[in-house]
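# model this:
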Amino acid sequence: MSLIKNENLERNKNQIEVFVDAKTFDSACDKVYRKKVRKISVPGFRVGKAPRKVIEKRYGAEIFFDDAIEMLYPKALEDDPSRG
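Residues are numbered from 1 along each chain as shown. The predicted structure follows:
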């Protein structure tokens, strides 16, 4: 993972661009899946027992993306050399 751009837009607004390789992002999505699977209900499966692919097919492949990004975001800020 690497920080590509950190642009100061306004006083309290920054725009950042981060590169995350596919392996790291998939690993983060898998961690999110293992955490959230206990709360997701899929017909034909007991609660917490549905496979990741079945959940993604039913609710969309991006169901775990937001939480994976939230998980990876702090590491990207740590790697920012301009933060001193």
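
# What segments of this protein are strands?
Secondary structure of the chain (DSSP state E): strands located at 2-10, 13-19.

# For this protein, which segments count as helices?
Taking DSSP state H, the helices of the chain run over residues 22-36, 52-59, 65-78.

# Report all helices and strands that the second one contacts.
Packing partners of helix 52-59 (3 or more Cβ pairs under 8 Å, 6 or more residues apart in numbering; DSSP states H and E): helix 22-36. Glycine gets a C-beta too; all of them are placed from N, C-alpha and C.

# Pull out the buried positions in stretch 36-50.
By neighbour count on 16 or more other Cβ atoms under 10 Å, the buried set for stretch 36-50 is 37, 40, 42, 50.

# show me what contacts the second one?
The reference is to Ile40. Neighbour list for Ile40: 47-48, 50, 55, 59 [criterion: Cβ atoms under 8 Å, 6 or more residues apart in numbering].

# is it possible to export those residues to JSON lines including distance to Leu9?
Converted to JSON lines, the contacts of Ile40 look like this (distance: Cβ to Cβ, whole Å):
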{"residue": "Val47", "distance to Leu9": "43"}
{"residue": "Gly48", "distance to Leu9": "42"}
{"residue": "Ala50", "distance to Leu9": "41"}
{"residue": "Ile55", "distance to Leu9": "36"}
{"residue": "Tyr59", "distance to Leu9": "33"}
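
# so can I have a markdown table of those showing pLDDT and distance to Gln15?
Shown next, in a markdown table, are these (pLDDT from 0 to 100; distance: Cβ to Cβ, whole Å):
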| residue | pLDDT | distance to Gln15 |
| --- | --- | --- |
| Val47 | 89 | 40 |
| Gly48 | 89 | 38 |
| Ala50 | 94 | 37 |
| Ile55 | 95 | 32 |
| Tyr59 | 93 | 29 |
